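> have a look at this prediction, sequence included:
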Amino acid sequence: MNPKRPLTPETYYRLPWNLSDNSITWLEPTTKCNLYCEGCYRENDPDGHRPLEDVIRELETVRTLRRTDGISIAGGEPLIYPHIVELVRYVAAQGWKPIINSNGHALTPALVRDLTKAGLVGFTMHVDSHQKRPGFSGQTEEELCDLRLKLANMIHEHGGGKVACAFNATIYRDTLDKIPMLTRWAQDHMDRVQTMVFILFRSAKAQAGFDCHAGGKPVDMHQLVYQLDHMEAHKDIVAQDVADVIRTQDPAFEPCAYLNGTEDPRSMKWLLTLKVGRKDKTLGYLDHKFAEIVQVFHHLFTGTYLAYARPTLTNTAQALFPLALVNKSVRKIFWEWLKEPSRMAECLHIQSVMIIQPCDVSEDGRQNMCDGCPDAILHKGRMVWSCRVDELEKYGTFITCTPRGGCCGGGQKAAPAPAPEAPAVKSPDVPAVKSPDVPAVKAPAPVAVKPEAPLAVKPEAPVAVAAPAEAQAAATAPAEKAPEQAPLLAAEPQAAPAPKSAPKAAPKPASKAKPAKGKGRK
């Protein structure tokens, strides 16, 4: 096996995409779907078709928030949306590139022709062995290549060679070793498959040692369609794993550009590779400087970063050769091309391989998302990650994670025994304890720990004040840590013992202390 070569940011071009200026933008005219895909992030809604007028209004808002080259029309399944042809026509008329993200189950030659006439630029077909596809149940990734080829041929023939074709596959641990076969298959059909995308599976892990909250309230992760109990033990795949397995077949495989994560700037959230060659041979890989030239010049002359390119460009790679004067990778490919004079008349193709690494959750609960997500979608007037929009619709905000017992339980373990009573004394009546009779009771001297502490209480102090004084002494020490505990402590069951001691000395404050526990927020 080829030794690992680390994927490092300094080696590649950081794609300049950001939230307001990006290559593509996500659009969901429907959330109704005709298939079940295990790795899908979107809940299937049988009544999910949206009025075309609403979708168009959304696009008008997008125009004010984001520069974009292409519009990825997804869902749900966009091919069953009743106004899909009209929507594609509208998107094309606005100067955007319409791209359809589909499972291909409803694709027909007639629909390809209609969409091509409407101005469609590209299809991205999602096909993998973890889908429940009628007529293909139980088929392996190898066996599904017949379906992939059928779809690619339909798009090529009925789209007149004008419509780009890409394939997505969600990669699981049990299909990781199929990636070399899929990249080989894609190269065998370089003339009609312009892009191969590997999406690395992620499941929202409800039981994996995290407490999950939305707006400070505990949430049940099982309500999300992408929380899969049987995948709890699944070890997440990262981009490095995919690169390593591809290099077992093609040692020269080398990416050129990446998009980093929000929490980990060195993570490869979108990793782009551009290969040049023929069906039977790869002549070389384009480097980071080439990727930069393409993005910068496309933005300079069109005002947007490049998304999809039509087959008329990707199937004429010889047009790149003038860049051999300024680019090392193009020069290397040019010399490889010259070594076979008898094949110079054959077409050279450019094919892209994209690896997408979705949300990673670190040990401390931070969520590493795609920084400048190309698949951002409009939701209530702002651009958000499309892969997590279900959270916004169910809870009104994104879910946050903390290590189980870490934020709340961890702080309490380190505190003195009376620490759980700290929230109970945070009532309006607490100042009443601070009478002139108990100034000598200081925070560093808890009565429960040091036997000499009671001597500090003056003889004239009324006996009735003794119980509140002890509560005040127990509360003052952990009070310094209250801001750190406040966000989640109120919702934790560990805080429950606090009200039990308070009513003995002050019944009224005890009843007022219940709202401070946050029980009403559960």
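That came in fine, so what should we check first?

> longest helix in the protein, please.
In the chain, assigned by DSSP state H, the helix with the most residues is helix 141-158.

> restrict whichever helix or strand comes after that one to CA atoms and write it as PDB.
Once the chain leaves helix 141-158, the next helix or strand it forms, by DSSP states H and E, is strand 164-171. What follows is strand 164-171 as a C-alpha-only set of coordinates in PDB (Å, rounded to 0.1, in the frame of the first residue of the first chain):
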ATOM      1  CA  ALA A 164     -23.000  18.200 -17.500                       C
ATOM      2  CA  CYS A 165     -23.400  15.000 -15.600                       C
ATOM      3  CA  ALA A 166     -22.200  14.300 -12.000                       C
ATOM      4  CA  PHE A 167     -22.700  11.500  -9.600                       C
ATOM      5  CA  ASN A 168     -23.000  11.600  -5.800                       C
ATOM      6  CA  ALA A 169     -22.500   8.600  -3.600                       C
ATOM      7  CA  THR A 170     -22.700   8.700   0.200                       C
ATOM      8  CA  ILE A 171     -19.800   6.700   1.600                       C
END
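
> and the contacts of strand 164-171?
Residues outside strand 164-171 that contact it (CB atoms under 8 Å, 6 or more residues apart in numbering): 37-39, 101, 121-128, 130, 141, 148, 151-152, 155-156, 175, 179, 182, 186, 192-201, 237, 242, 308-311, 314. For every residue, glycine as well, the C-beta is placed using N, CA and C.

> list buried residues within the residues you listed.
Listed as buried from these are 37-39, 101, 121-128, 130, 141, 148, 151-152, 155-156, 175, 179, 182, 186, 192-201, 237, 242, 308-309, 311, 314; burial here means 16 or more other CB atoms under 10 Å.

> what stretches of the chain score poorly on pLDDT?
Applying pLDDT under 70 to the chain flags the ranges 1-3, 204-208, 225-234, 405-522.

> per-domain residue ranges of it.
By the assignment in automatic domain parsing, the chain contains the domains 18-162, 420-521.

> which members of the buried ones among the contacts of strand 164-171 occur in strands, if any?
37, 101, 122-126, 195-200 (DSSP state E).

> return the closest of those residues with respect to residue 387.
Using CB to CB, residue 199 comes nearest to residue 387 of these, at 9.8 Å.

> which residues touch that closest one?
39, 168, 169, 170, 171, 356, 358.

> how close does the third one sit to residue 130?
According to CB to CB, to the nearest Å, residue 169 stands 9 Å off from residue 130.

> please apply the same query to the first one.
Distance from residue 39 to residue 130, counting by CB to CB: 6 Å.

> do the same with residue 193
In terms of CB to CB, residue 193 sits 21 Å off from residue 130.

> on that earlier part again, can you put the ones in strands among the buried ones among the contacts of strand 164-171 in a markdown table and add distance to residue 377?
Output for those, formatted as a markdown table (distance: CB to CB, whole Å):
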| residue | distance to residue 377 |
| --- | --- |
| 37 | 18 |
| 101 | 12 |
| 122 | 18 |
| 123 | 19 |
| 124 | 16 |
| 125 | 20 |
| 126 | 17 |
| 195 | 21 |
| 196 | 24 |
| 197 | 18 |
| 198 | 22 |
| 199 | 17 |
| 200 | 20 |
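
> now, which of those residues sits nearest residue 91?
residue 122 (12.0 Å).

> what about the closest residue to the closest one other than its chain neighbours, how many neighbours?
Leaving aside its sequence neighbours, residue 122 sits nearest to residue 164 (CB to CB, 6 or more residues apart in numbering; 3.7 Å). A count of nearby residues for residue 164, using other CB atoms under 10 Å, gives 25.

> mutual contacts of residue 39 and residue 130, please.
In contact with both residue 39 and residue 130: 170, 172, using CB under 8 Å, 6+ apart.

> so residue 68 makes contact with residue 306?
No - applying CB atoms under 8 Å, one finds residue 68 not in contact with residue 306, separated by 11.1 Å.

> identify the residues contacting residue 378.
58, 61, 62, 65, 384.

> using the three-state scheme, assign the closest residue in space to the fourth one that isn't next to it in sequence.
Distances taken as CB to CB, 6+ apart put residue 383 closest to residue 65, at 5.9 Å, once the chain neighbours are dropped. Going by DSSP: H, G, I helix; E, B strand; the rest coil, the secondary structure assigned to residue 383 is strand.

> is residue 383 bridged to anything, and to what?
residue 378 (DSSP bridges).

> i'd like the first residue to be 111 from this point on
All set: I'll call the first residue 111, so the last point we hit is now residue 493.

> okay, now it: neighbour count?
With other CB under 10 Å as criterion, residue 493 counts 19.

> mind checking how far it is from residue 151?
In terms of CB to CB, residue 493 sits 17 Å off from residue 151.

> just residue 331 next, same as before
13 Å.

> quick revisit: can you give me the distance of the residue nearest to residue 232 to residue 383?
17 Å.

> residue 331 too?
34 Å.

> quick one, which of those two is more surrounded?
Taking neighbours as other CB under 10 Å, residue 331 and residue 383 compare with residue 383 leading, 22 against 19.

> so the more buried one, which state does it fall into?
Residue 383 ends up strand, using three-state DSSP.

> residue contacts, it?
So residue 383 contacts 363, 364, 365, 366, 395, 462, 463, 464, 465 (CB under 8 Å, 6+ apart).

> run the chain-centre distance for stretch 163-179.
22 Å (CA atoms, centre = their mean, to the nearest Å).

> picking up where we left off before, in the contacts of residue 488, which residue is surrounded by the most others?
Going by other CB under 10 Å, residue 172 tops those with 21 neighbours.

> and for that residue, nearest residue in space, chain neighbours not counted?
Closest to residue 172 by CB to CB, 6+ apart is residue 488, at 5.4 Å.

> now swap in residue 384 and tell me
Nearest one to residue 384, counting by CB to CB, 6+ apart, is residue 396 at 4.0 Å.

> neighbours of the one you found, how many?
27.

> shouldn't it be in contact with residue 386?
Yes - with contact defined as CB under 8 Å, residue 396 counts as touching residue 386 (6.5 Å).

> residues in contact with both of those two, list them for me.
443, 460.

> that older thread, neighbour count winner among residue 178 and residue 416?
More neighbours surround residue 178 than the other of residue 178 and residue 416, with 24 against 18 (other CB under 10 Å).

> buried sites along stretch 152-164?
For stretch 152-164, a neighbour-count test (16+ other CB under 10 Å) marks 152, 153, 154, 158, 159, 160, 162 as buried.

> next step: these restricted to helices.
residue 162.

> would you point out the most distant pair within the buried residues of stretch 152-164?
Those two in the buried residues of stretch 152-164 that are separated most widely, counting by CB to CB, are 153 and 162, at 22.0 Å.

> residues contacting the residue lying closest to residue 131 once chain neighbours are set aside?
Leaving aside its sequence neighbours, residue 131 sits nearest to residue 177 (CB to CB, 6+ apart; 4.5 Å). By CB under 8 Å, 6+ apart, the contact list for residue 177 reads 130, 131, 132, 413, 414.

> can you add neighbour count, distance to residue 370 and secondary structure and give the residues you listed back as JSON lines?
Output for the contacts of residue 177, formatted as JSON lines (neighbours: other CB atoms under 10 Å; distance: CB to CB, whole Å; DSSP: H, G, I helix; E, B strand; the rest coil):
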{"residue": "130", "neighbour count": "12", "distance to residue 370": "17", "secondary structure": "coil"}
{"residue": "131", "neighbour count": "15", "distance to residue 370": "16", "secondary structure": "strand"}
{"residue": "132", "neighbour count": "24", "distance to residue 370": "15", "secondary structure": "strand"}
{"residue": "413", "neighbour count": "11", "distance to residue 370": "24", "secondary structure": "coil"}
{"residue": "414", "neighbour count": "21", "distance to residue 370": "21", "secondary structure": "coil"}
